[in-house]
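Student: I'd like to go over a predicted model; first the sequence, then the structure.
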Amino acid sequence: MKRWVLVCIWLLACLGAAAQSPQRGIALTDLKSGTAFMSADLRTLQSDDGLNPASLWWLQGERLWQQPATDGPACASCHGKEPGRLASMAAGFPRVTQSGAVLNLEAQINQCRTQQQKAPAWAYESEALLAISAWLAKSSRGEMQEGTRTAKMQLSQTASWQRGQAQYYQRIGQMNLACAQCHEQNWGRRLGGETMSQGHPVAYPAYRLEWQGMGSLHRRLRACFSGVRAEPPAFGSQALLDLEVFLAWRAGPLPLEAPGVRR
Ligand code: HEC
Ligand code: HEC
């Protein structure tokens, strides 16, 4: 084939891709994780593994990883012991399966728990689920691999993303505010003693001083619903899963920082 024909095909493909990729509320170059809006004290607490209070959970998670279930093998017997092999495990979630179902890290852990370990699922916000997700997240911190980054971008081609996006711009609650009004249009401004961030999910599960403990992303999202006096959707509900998918796409290439420390 002549070279110019190839160039034309390539150009058309690029134009097609550009037309398909949805508009971002915040330019890629302006993306900042919530850590950028925190006090220096909190940043130190987060970045020093010896000080980070979430270490109590991830150390517990590491123990759980190695420990066999009553009627099934340990996570480690199938997945290996070394953190090196775990890197990127957590960074690749949430995923949307072929059938359109959302699989977040918590759901994947419970899928292995029930199907591979023949053990009862761990409830949302149980110490065990927080511990093991904290440990997997910690092992996956840092730069995203190319494949993971592409997968994040492709989330926008799912129905879940579309529902999540619609929710993001929908005004809710007695305060009649949408997520976007705080996290897209007013980030960097003060609200009730806190600086509003861009609302990215990359630090979760996180240790929050207000909770005096760890919480999942869903717990944080529920707090935002309560904040605008809206009824918070249940943990693991389709509404929160769809938001999680939209948020993962929206955070783009921001690296995983979990387990974070928050006010
Ligand atoms: C009235 C303003 C307001 C609205 C509306 C709001 N939030 Fe928040 N949100 C906050 C504040 C304040 C925080 C805590 C400080 C911060 O990180 O921004 C927060 C935190 C977050 C965080 C954690 C960020 C981090 O780095 O710890 C996420 C994710 C988030 N919000 C998502 C959402 C979603 C999704 C919605 C819509 C369902 C929403 N928020 C609606 C004010 C709001
Ligand atoms: C008997 C073997 C076995 C055990 C035990 C097991 N898993 Fe898995 N795990 C798998 C298989 C097979 C897959 C890929 C298919 C799937 O998603 O179920 C997988 C996938 C995963 C993934 C996604 C990895 C990726 O990058 O795609 C995570 C995370 C995970 N398991 C966590 C756990 C945790 C946490 C435990 C312990 C509570 C556990 N697994 C126990 C076999 C196992």
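Tutor: Nice, thanks for sending it over. Ligands and ions are numbered 1, 2, ... in the order given.
Student: So Ala159 sits against Gly100, correct?
Tutor: Yes - Ala159 is within contact range of Gly100, at 5.8 Å (criterion: C-beta atoms under 8 Å). C-beta coordinates here come from the backbone N, C-alpha and C atoms, glycine included.
Student: Give me the contact list for the helix or strand containing Lys152.
Tutor: Assigned by DSSP states H and E, Lys152 belongs to helix 146-154. Residues external to helix 146-154 that are found in contact with it (C-beta atoms under 8 Å, 6 or more residues apart in numbering): 21, 88, 91-92, 95, 144, 248-249, 251-253.
Student: Which is the succeeding secondary structure element to it?
Tutor: Tracing the chain C-terminally past helix 146-154 and defining elements by DSSP H and E, one meets helix 159-168 next.
Student: and that next one, C-alpha only, in CSV?
Tutor: Output of helix 159-168 as CSV, limited to C-alpha atoms (Å, rounded to 0.1, in the frame of the first residue of the first chain):
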residue,chain,number,x,y,z
ALA,A,159,-22.9,2.1,30.1
SER,A,160,-21.8,2.2,33.7
TRP,A,161,-19.6,5.2,32.9
GLN,A,162,-22.5,7.0,31.3
ARG,A,163,-24.7,6.5,34.3
GLY,A,164,-21.8,7.6,36.6
GLN,A,165,-21.3,10.7,34.5
ALA,A,166,-25.0,11.6,34.6
GLN,A,167,-25.0,11.3,38.3
TYR,A,168,-21.9,13.4,38.6
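Student: So which elements touch it?
Tutor: Using 3 or more C-beta pairs under 8 Å, 6 or more residues apart in numbering; DSSP states H and E, the elements in contact with helix 159-168 are helix 179-183, helix 238-250.
Student: what about the residue nearest to the spatial centre of the chain, which SS state?
Tutor: Computing the C-alpha centroid of the chain and ranking residues by C-alpha atoms, centre = their mean puts Pro201 first, at 4.4 Å. Using DSSP: H, G, I helix; E, B strand; the rest coil, the secondary structure recorded for Pro201 is coil.
Student: Check what pLDDT it gets.
Tutor: Confidence per residue is given as pLDDT, and for Pro201 that number is 98.
Student: Also Leu6?
Tutor: At Leu6 the predicted local distance difference test score is 58.
Student: from the contacts of helix 146-154, which ones fall inside helices?
Tutor: Those of those mapping onto helices are 248-249, per DSSP state H.
Student: Buried only: go through the contacts of helix 146-154 for me.
Tutor: 88, 91-92, 95, 144, 248-249, 251-252 (16 or more other C-beta atoms under 10 Å).
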